[in-house]
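In: Using only what follows, build the 3D model:
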Amino acid sequence: MYGWIWRHLPGNAWVKALTSLVLALAVVYVLFQYVFPWAEPLLPFNDVTVDGQ
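Out: Numbers count the residues shown, from 1 in each chain. Take a look at the predicted model:
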């Protein structure tokens, strides 16, 4: 998959590396701003039960 992306990006190696970095940062931004907040209520991580002693 990464090879396919690398071959289809325009420019020389430096331009491809910079474009890859920008694309990766864009994916991380979308995940943190939209996907993770949407999925948080669906995940069971806040359903913690602690027995009192």
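
In: C-alpha from now on. contacts and neighbour counts both.
Out: Fine.

In: Low-confidence stretches in this structure?
Out: Along the chain, segments meeting pLDDT under 70 span 52-53.

In: Could I get the full set of helices for it?
Out: Secondary structure of the chain (DSSP state H): helices at 2-8, 13-30, 36-39.

In: Minimum distance to Thr49: which of those helices has it?
Out: helix 36-39 (21.1 Å; C-alpha to C-alpha).

In: closest one to Asp47 among the helices of the chain?
Out: Among the helices of the chain, the nearest to Asp47 by C-alpha to C-alpha is helix 36-39 (14.6 Å).

In: ok so, going back, so of the helices of the chain, which one's packed in deepest?
Out: helix 13-30 (a mean of 12; mean count of other C-alpha atoms under 10 Å).

In: Now do it: distance to the chain's middle.
Out: A distance of 12 Å separates the centroid of the chain from that of helix 13-30, by C-alpha atoms, centre = their mean, to the nearest Å.

In: can you check stretch 41-53 too?
Out: Taking C-alpha atoms, centre = their mean, one finds the center of stretch 41-53 at 26 Å from the center of the full chain.

In: tell me which residues in it are buried?
Out: Within stretch 41-53, no residue counts as buried by 16 or more other C-alpha atoms under 10 Å.

In: Using CSV, write down the CA coordinates of it.
Out: The C-alpha coordinates for stretch 41-53 follow below in CSV (Å, rounded to 0.1, in the frame of the first residue of the first chain):
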residue,chain,number,x,y,z
PRO,A,41,-19.4,7.1,23.5
LEU,A,42,-19.4,3.7,21.8
LEU,A,43,-16.3,2.4,23.6
PRO,A,44,-16.6,0.7,27.0
PHE,A,45,-13.5,2.3,28.5
ASN,A,46,-15.5,4.6,30.9
ASP,A,47,-17.6,1.6,32.2
VAL,A,48,-15.3,0.9,35.1
THR,A,49,-16.6,-0.9,38.2
VAL,A,50,-14.6,-0.8,41.4
ASP,A,51,-15.7,-2.9,44.4
GLY,A,52,-15.7,-0.9,47.6
GLN,A,53,-14.0,-2.6,50.6
